[in-house]
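>>> Could you look at this predicted model? Sequence included:
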Amino acid sequence: MKRLSKVRLIIMAHPDDPELACGGSIARWAEKDEVYYIIVSSGEKGTWDRNVLPFKVAKKREEEALEAAQFLGVKKVIFLRHADGEIQSVKTIKIEIAALIRRLKPHTIVTHDPWRRQFHPDHRASGFAVIDAIMIARDWHFYPFLKEVGLAPHRSEELLLTPTDNPTFINDISTTFGKKLQAIRIHKSQLEQLPDWERRIKEMTETVGKSSGFKYGEGFYQMRI
């Protein structure tokens, strides 16, 4: 099957992270490109209800992720299903992501900015793992078994880190801001833990967009590969 102009790979720690971080950009990319998600953890600890079983939380969050991705036009969601809150201890994570980068051959990779001041350790761990995986994916002499299973090296063209404290690229999401909000609403299991989320996201995207003359914007730090 003939591919569209570019492949965009979004690699995030939890099921709702893509929409919260860059849902407007994803909607724009999906209009003409192939967009894929890799979700590192199913987010089974993402609840304030101490009586609900974690596997039920994971199931619900994966269902929400699939629905939100489909709404935005994402081609496929890949769940790695590592333990929520423990991504930094997963020894295979870099190789897993590198193998998928070689398989999907993305032009653009988007992940968490691990240097941003943020609360969740999974976001930092995922960001650093992706950066390490990009190096493994692009060079011939890392993990020779990858070549033996048909995964030749692939060098992506750009890495975008988001959210970031230091944006170097602002994407205009004025036409897709509404889709971003609708996609976030699909993650119903998480909205109680995100008080006043709609106002905060609106203010943030307005502030980011204003810096480049857009009504709404999402900011990224572009990192050389």
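Received the coordinates, thanks.
>>> where does the protein dip in pLDDT?
1-4 (pLDDT under 70).
>>> Could I get the full set of strands for it?
7-12, 34-41, 76-82, 108-111, 158-161, 169-172, 217-223 (DSSP state E).
>>> May I see those organised as TSV, with mean neighbour count and distance to residue 203 added?
To be clear about C-beta, it is placed using only N, CA and C from the backbone, and glycine gets the same treatment. Converted to TSV, those look like this (neighbours: other C-beta atoms under 10 Å; distance: least, C-beta to C-beta, whole Å):
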stretch	mean neighbour count	distance to residue 203
strand 7-12	25	22
strand 34-41	25	26
strand 76-82	17	29
strand 108-111	25	22
strand 158-161	22	21
strand 169-172	18	16
strand 217-223	22	12
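>>> got these as JSON lines, with distance to residue 128 columns?
JSON lines is the format used below for the strands of the chain (distance: least, C-beta to C-beta, whole Å):
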{"stretch": "strand 7-12", "distance to residue 128": "12"}
{"stretch": "strand 34-41", "distance to residue 128": "12"}
{"stretch": "strand 76-82", "distance to residue 128": "14"}
{"stretch": "strand 108-111", "distance to residue 128": "9"}
{"stretch": "strand 158-161", "distance to residue 128": "11"}
{"stretch": "strand 169-172", "distance to residue 128": "21"}
{"stretch": "strand 217-223", "distance to residue 128": "12"}
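>>> which one of those lies closest to residue 193?
strand 34-41 (15.6 Å; C-beta to C-beta).
>>> Tell me the strands beside the closest one, with direction?
Paired neighbours of strand 34-41 in the sheet (DSSP bridges): strand 7-12 (parallel), strand 76-82 (parallel).
>>> Figure out which of those strands is closest to residue 175.
Nearest of these to residue 175, taken as C-beta to C-beta: strand 7-12 at 17.2 Å.
>>> Now tabulate the strands paired with strand 34-41 in JSON lines and tack on distance to residue 225.
Output for these, formatted as JSON lines (distance: least, C-beta to C-beta, whole Å):
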{"stretch": "strand 7-12", "distance to residue 225": "12"}
{"stretch": "strand 76-82", "distance to residue 225": "21"}
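>>> Out of those strands, the one nearest residue 206 is which?
Taking C-beta to C-beta, strand 7-12 is the member of the strands paired with strand 34-41 nearest to residue 206, at 22.9 Å.
>>> now the closest one: how far from the chain's centre is it?
Counting by C-alpha atoms, centre = their mean, to the nearest Å, strand 7-12 is centred 6 Å from the centre of its parent chain.
>>> Give the bridge partners for the residue lying closest to residue 100 once chain neighbours are set aside, please.
Closest residue to residue 100 apart from its sequence neighbours, by C-beta to C-beta, 6 or more residues apart in numbering: residue 38 at 6.0 Å. Judged by DSSP bridges, the bridge partners of residue 38 are residue 11, residue 78.
>>> Minimum distance to residue 210: which of the strands paired with strand 34-41 has it?
Residue 210 lies closest to strand 7-12 among the strands paired with strand 34-41, at 24.8 Å (C-beta to C-beta).
>>> So the residue nearest to residue 130 when sequence neighbours are not counted versus residue 56, what's the distance?
Setting aside the residues directly before and after it, residue 130 is nearest to residue 111 in space (C-beta to C-beta, 6+ apart), at 4.1 Å. Using C-beta to C-beta, to the nearest Å, we find residue 111 at a distance of 28 Å from residue 56.
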